[in-house]
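Enquirer: no sequence on hand, only this structure:
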């Protein structure tokens, strides 16, 4: 089941760089693990912004929330979720 | 080069059904041709709405506009475009 | 799996009353069938508006979209969907 | 009498963790007490956000405000209230 | 129990004048009856707009919705409702 | 001459409690003096928010601004003003 | 007493030209009469739009509403009103 | 003196095609004349929309408004104007 | 050439009072000098807000920007500019 | 391939002036290098604001993002990107 997720990263300018660098590294590792498992199906940078659009493939809203709230940068992000359904004109299955 | 495209279909309630049915059929055929060619890479229905999120893979902004303005339902749609770039944490190439 | 659904009914003032009365009756019957089946778990009127907030219990985003787009009044409604997850402080299971 | 309440929790990133942890524990206990009493009828997490949608069952606007402004996390929340009425198609009484 | 109600009247420019004049007269009579009964406690024109702010005094959300949806001009109005509670600094009781 | 005034109080979480408590007490005293004088005709709490809707009765825009900018909590408030006129269906004079 | 008034003229594309031309002529005459009387103190076109910003000088909110709702184009305009007060740095009196 | 102008063309779906085709041809001719004269310095299509961003070079706000309101499609367009000044880091003069 | 300018002053609550008092005094002096020169043609307080609407009379967008960015409180203000043109019904020249 | 880019600079009032002055100097040098190379084709100040509208000429969305995220002031800016296509009425090629 797919969800389009819009994440905007908002790290305060006076944040502890060492801390946020570690969180960014953890975020990257966690994200890549989920991509390899097929749960984080797409990850794109929004051009010109510290933001991304992602497509996640999960079993339920609960799994989606657990996954997103586990992101190391979760406290620093504004997240919007859009549930996606099969489009009747799509040639591929979701 | 990828673009996230949000399309909301707004067909007036008093539109000529025969006309709009033909346009919808043309739209489906055109969309599936572009999907098979790899230009319309993803097509998802927004749950609960007559709307979709799509990802298009084109050579340029000009090709993107030519493609979108050629859609049979173009005059009936509100379209928003977001240019996507390679995300440094993505394991796949755009 | 629960979704909060906000529906605003927008019937044009010059609509055919006979048609829209039949659609409203169909909508009511369809809604009550889904309520009895447990899929339309809650249905509340927004005070002062021709609108409702509903909670639907479905298996997937696809089932949600199929259900909502089958509503007799679907072409007359503006619908917004919010996916709901289990809250850690809730004493009941979703 | 039912109200849909939307609460977004906005704890500053530099808040005193000990304090906010205690407030969160108090909030959970207070919320569960109200749920057991039937006043806080539903509590759902918004997927992907530190936010919830709740349905409260109170005698009056005054009781609603007293209850909400007593929440331990009240100073950290943005709250929106929507009064709900009986829907004519609902098979259950509010 | 008090509610602040914002009503914007939106009569289409091509509406049947005879019909809308009758509705306006009915609205006025109905509104004045409710004002005399004490249910429609205040009624103010928004300067420069075909709109009003009103304060209604009702027993419940259900009574509020029944009252507002009975207004002859209800199909022509965009209505927003704000529940009001006793203010701790007010010298009068709501 | 009446004005509907919407005031949202936004005291920073790290404000000096002693100072803000004194300001709140001053605000209450000042507000009650104006209520007794008939200038602050209505004062209602917005349910669920640290906000109020008020109706002020003043001679001019200048008196309105002088009054509002004299409020002890003025620097902590976001204020919106709506000028009110006599409604032709109102049974009471403004 | 001054008010900044923003008026956007929205004449439907299919309106009766003879009627709207007469209304525009009436509006111009009425506006110029009020300008000569000193009540309509300023009248500026918003560059690129069928809209204006005006400053009106009236005795009360009631006079303001009576004046604005008497404009021949009133049913075709979206109007926003901002009450203006004496600025402490202004060298002229309002 | 430069202005960034955003124009969105909104031709009703049921407009007279012969009329609007003639207006579009007139618009194109008028626009190209102004481009050749150097007054309409840039004209870009917004990808995916029936809209453009333009840069106009005029002597005054009056000339800007005269020019824009003379566009054959002016009654069909929503226009926003942003005045541009010389940027201190620009290597070219406006 | 006239521009309507909306300025909202946003001085942080914890700003250095001595500094901001000096800036406010400088702003007042600068503003009054420009008013006497005829460049700052009107200056009005928005009732209930730390904001003003002003009308400036300048030769060009560049002069407008130079003037506004020279205001002592410029770093503390959110500014919106609307270019004004001669209105065909105005009896005075801009 | 052209993109219209809107950049709003938001440097906190309490930022280290020495640091931000150095960043501004770097930004200017970087911007002028890109202007000379033809990649930053236009750079305009928005009158009255610490903001600019720019037109960038790049090969791809990736190049656009790399360029924008390399700006010394990138962490201090809110950026919006609009992809531009060839307009059929433009006499110049993009």
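Expert: Thanks, I have the structure now. Quantities reported herein were computed from a predicted structural model and do not represent experimental measurements. Numbers count the residues shown, from 1 in each chain, chains lettered A, B, ... in the order given.
Enquirer: quick one, what contacts whatever residue of chain A ends up closest to chain G?
Expert: With Cβ to the nearest Cβ as the measure, residue A:48 is the residue of chain A nearest to chain G, at 26.9 Å. For the C-beta atoms, the positions are set from N, CA and C on the backbone; glycine is no exception. Listed by Cβ atoms under 8 Å, 6 or more residues apart in numbering or on different chains, the contact partners of residue A:48 are B:83, J:5, J:64-65, J:68-69, J:79-81.
Enquirer: ok, 6 Å please
Expert: For residue A:48, the contacting residues are J:68, J:79, J:81, by Cβ atoms under 6 Å, 6 or more residues apart in numbering or on different chains.
Enquirer: likewise residue A:35?
Expert: Taking Cβ under 6 Å, 6+ apart, we find residue A:35 in contact with residue B:91.
Enquirer: list the buried ones in the host helix or strand of it?
Expert: According to DSSP states H and E, residue A:35 maps onto helix A:17-37. Across helix A:17-37, burial judged by 16 or more other Cβ atoms under 10 Å in any protein chain shown covers A:20, A:23-24, A:27-28, A:30-31, A:34-35.
Enquirer: what's the answer for stretch A:3-11, then?
Expert: A:3-7, A:11.
Enquirer: can you tell me which of these is nearest residue B:42?
Expert: Checking those against residue B:42 with Cβ to Cβ, the nearest one is residue A:4 at 9.9 Å.
Enquirer: I'd say the closest one and residue A:83 touch.
Expert: No: in terms of Cβ atoms under 6 Å, residue A:4 does not count as a neighbour of residue A:83; the distance is 8.2 Å.
Enquirer: re the thing from before, next structured bit after the helix holding residue A:35?
Expert: Assigned by DSSP H and E, the successor of helix A:17-37 is strand A:40-46.
Enquirer: what packs against that following strand?
Expert: If you count contacts as 3 or more Cβ pairs under 6 Å, 6 or more residues apart in numbering or on different chains; DSSP states H and E, strand A:40-46 packs onto strand A:51-57.
Enquirer: run me through the strand neighbours of the strand it packs on, direction for each.
Expert: Partners of strand A:51-57 in the sheet, by DSSP bridges, are strand A:2-9 (antiparallel), strand A:40-46 (antiparallel).
Enquirer: can you list contacts of the longest one?
Expert: In other words, strand A:2-9. By Cβ under 6 Å, 6+ apart, strand A:2-9 touches A:50-57, A:64, A:76-84, A:94, B:53.
Enquirer: how does it look with 7 Å?
Expert: A:50-58, A:64, A:68, A:73, A:76-84, A:94, B:44, B:53, D:48 (Cβ atoms under 7 Å, 6 or more residues apart in numbering or on different chains).
Enquirer: how far off centre is it?
Expert: 5 Å (Cα atoms, centre = their mean, to the nearest Å).
Enquirer: tilt between it and helix A:17-37?
Expert: Between the axes of strand A:2-9 and helix A:17-37, defined by axes from the mean of the first three to the mean of the last three Cα atoms, to 10 degrees, the angle is 170 degrees.
Enquirer: mean confidence (pLDDT) on strand A:2-9, please.
Expert: Taken as a whole, strand A:2-9 has a mean pLDDT of 98.
Enquirer: any idea which residue sits dead centre in chain A?
Expert: Chain A has residue A:54 as the residue nearest its centroid, 5.3 Å off, counting by Cα atoms, centre = their mean.
Enquirer: please name the nearest non-neighbouring residue to it.
Expert: residue A:5 (4.6 Å; Cβ to Cβ, 6 or more residues apart in numbering or on different chains).
Enquirer: what pairs with the one you found across the strands?
Expert: Beta-bridge partners of residue A:5, counted by DSSP bridges, are residue A:54, residue A:81.
Enquirer: against residue D:48, how distant is it?
Expert: Distance of residue A:5 to residue D:48, given as Cβ to Cβ, to the nearest Å: 7 Å.
Enquirer: what sits against residue A:84?
Expert: A:2-4, A:94, B:44-47, B:53, C:61.
Enquirer: circling back: how close does the residue of chain A closest to chain G get to chain D?
Expert: From residue A:48 across to chain D, the span is 23 Å (Cβ to the nearest Cβ, to the nearest Å).
Enquirer: find the closest residue to chain E in chain A.
Expert: residue A:80 (24.0 Å).
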